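**Student:** Below are the sequence and a predicted model for it; my questions follow.
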Amino acid sequence: MPLAAQPADAAFAWIDQVEAIPAFSDFALGDAESPEFSATLLIRVDSLSGGPKLRCSGPGIETTQILAPLGLPAGFWSARAELAALFPCGVDLFLICGDTLAGVPRTTRVEEL
């Protein structure tokens, strides 16, 4: 698979420098007929703990789950929340630190605590 020239052309995006994350709207968000054509963002974070606490809920989470990734820019989660109105379109996230990851699909509701 060739490398994408623009974020909108990427099926997957590896983001190693979180301060340079393009706006979510710059990525492929899918459309109502084919939401599966949205991008999956693989974002390297400093840690999956020790950051601001988030309450995650939604399909696949029995009650709630607390996540506290460290190293994401201010406004990251509020920008992601703006995509909720586009459901079933949006982006899926994997937050990665070393050999550990946390998946945050577009169906997950994230509340900053």
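**Tutor:** Done, it's in. Residues are numbered from 1 along each chain as shown.

**Student:** Need the pLDDT of the residue most central in space within the chain.
**Tutor:** For the chain, L93 is the residue whose C-alpha lies nearest the centre (CA atoms, centre = their mean; 3.0 Å). L93 carries a pLDDT value of 97.

**Student:** pretty sure it contacts G103?
**Tutor:** Yes: assessed by CB atoms under 8 Å, L93 is found in contact with G103 at 7.3 Å. Every residue, glycine included, has its C-beta placed from N, CA and C.

**Student:** Tell me where the chain has strands.
**Tutor:** 12-15, 40-44, 54-57, 65-67, 92-97, 100-104, 109-112 (DSSP state E).

**Student:** Can you lay out those strands as TSV showing distance to A5?
**Tutor:** Converted to TSV, the strands of the chain look like this (distance: least, CB to CB, whole Å):
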stretch	distance to A5
strand 12-15	12
strand 40-44	17
strand 54-57	33
strand 65-67	32
strand 92-97	22
strand 100-104	26
strand 109-112	30
